[in-house]
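S.K.: please find the sequence and the predicted model below.
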Amino acid sequence: MAAGYEVGQLDVSHCANLFIDERRSARRKRTALAEVAQSATVRDGARDAEARLTWSETCSALLTLPEEQRSAIALVLIDGMSYRDAADVLGVPIGTLTSRLARGRDGLASKIFGTMQDKRP
């Protein structure tokens with residue numbers, strides 16, 4: 001054991017480092033996904049423009065979510081973590097994680113697609 005540290009301090013430091021590593025990994029994956037999405041997009045003008053607009057809207061909408069929802073979405077939907085692992089990383093029960101995911105998904109959908117009232121003629 002490191003001098004001057006207690007077991008609880010090491011556990012917290014280790015968990016914090018794991019969380020930071022996961023966030024950095026998520027950032028690298030998002031960059032890689034963006035590159036793949038851009039290279040895989042069909043190159044006709046209308047589809048290409050729509051794909052860029054949708055990607056841009058999605059990224060912008062993601063940034064407007066509260067941090068707790070953004071973190072849950074990043075860990076589960078972008079990094080592909082299981083609910084259990086993501087809940088452990090965030091230090092919350094699975095029920096809390098699923099609630100954050102549901103609110104985050106709803107928030108993204110309303111920001112990207114608008115509400116049903118917005119779509120009425």
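M.R.: Yes, it's here. Residues are numbered from 1 along each chain as shown.

S.K.: sticking with I20, tell me its helix or strand.
M.R.: Counting by DSSP states H and E, the element that carries I20 is helix 7-40.

S.K.: could you give the average pLDDT over that helix?
M.R.: For helix 7-40, mean pLDDT is 69.

S.K.: ok, now stretch 113-121?
M.R.: 53.

S.K.: and L63, how many neighbours?
M.R.: 8 (other Cβ atoms under 10 Å). Just so you know, the C-beta spots here come from the backbone N, C-alpha and C atoms, and that holds for glycine as well.

S.K.: tell me the pLDDT of it.
M.R.: At L63, pLDDT is 86.

S.K.: and if you look at G104?
M.R.: G104 is assigned 92 on the pLDDT scale.

S.K.: wait, what's in contact with it?
M.R.: Contact analysis of G104 by Cβ atoms under 8 Å, 6 or more residues apart in numbering lists 65, 69-70, 72-73.

S.K.: try 6 Å
M.R.: By Cβ atoms under 6 Å, 6 or more residues apart in numbering, the contact list for G104 reads 65, 69, 72-73.

S.K.: inside helices: which ones of these?
M.R.: 69, 72-73 (DSSP state H).

S.K.: model confidence at L77, what's the number?
M.R.: 86.

S.K.: apart from its neighbours in sequence, what residue is nearest it?
M.R.: L101 (7.6 Å; Cβ to Cβ, 6 or more residues apart in numbering).
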